[in-house]
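**Student:** sequence below, structure please.
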Amino acid sequence: MRQRLLSWRQCRVEAEGGSAYAPRMTAAGQFIAELHRERQSGKVSSETELHLKHVFRKLRWDAPASTLAAAVGEEIDRLEREAATLRKLRADLFDAA
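**Tutor:** This next block holds a predicted model:
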């Protein structure tokens, strides 16, 4: 019988208590999977997706949902500040409302 080599992701899933064939998805993993779908449909930038992946990796994938939600809230606040700055620059420089 041929053994199947596991990818690094499958090894991580097994280390977290799932198996390569029936992985246990963490809240962070579910969020990133949904975010990826939204990016593919053009609703989220790849930069936002990559930034949140990095943040979740830094917090650890098994961090409590409240910690992850706070990180997402911080990203939303950052994006809102960015949008406000872009609107202001557009109005100031292009005289558009």
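**Student:** so, low pLDDT: which residues of the protein?
**Tutor:** Across the chain, the ranges flagged by pLDDT under 70 are 1-23, 96-97.
**Student:** could I get the full set of helices for it?
**Tutor:** Secondary structure of the chain (DSSP state H): helices at 8-15, 27-40, 46-59, 65-94.
**Student:** what's the burial count for the residue nearest to L68 when sequence neighbours are not counted?
**Tutor:** Closest residue to L68 apart from its sequence neighbours, by C-beta to C-beta, 6 or more residues apart in numbering: A28 at 5.6 Å. Every residue, glycine included, has its C-beta placed from N, CA and C. When neighbours are defined as other C-beta atoms under 10 Å, A28 has 22 of them.
**Student:** who's in contact with A28?
**Tutor:** With contacts defined as C-beta atoms under 8 Å, 6 or more residues apart in numbering, A28 is in contact with 56, 59, 61-63, 68.
**Student:** list only buried entries from these.
**Tutor:** If you count burial by 16 or more other C-beta atoms under 10 Å, the buried members of the contacts of A28 come out as 56, 61, 63, 68.
**Student:** give me every residue that touches the last one.
**Tutor:** L68 sits next to 27-28, 31, 56, 59 when contact means C-beta under 8 Å, 6+ apart.
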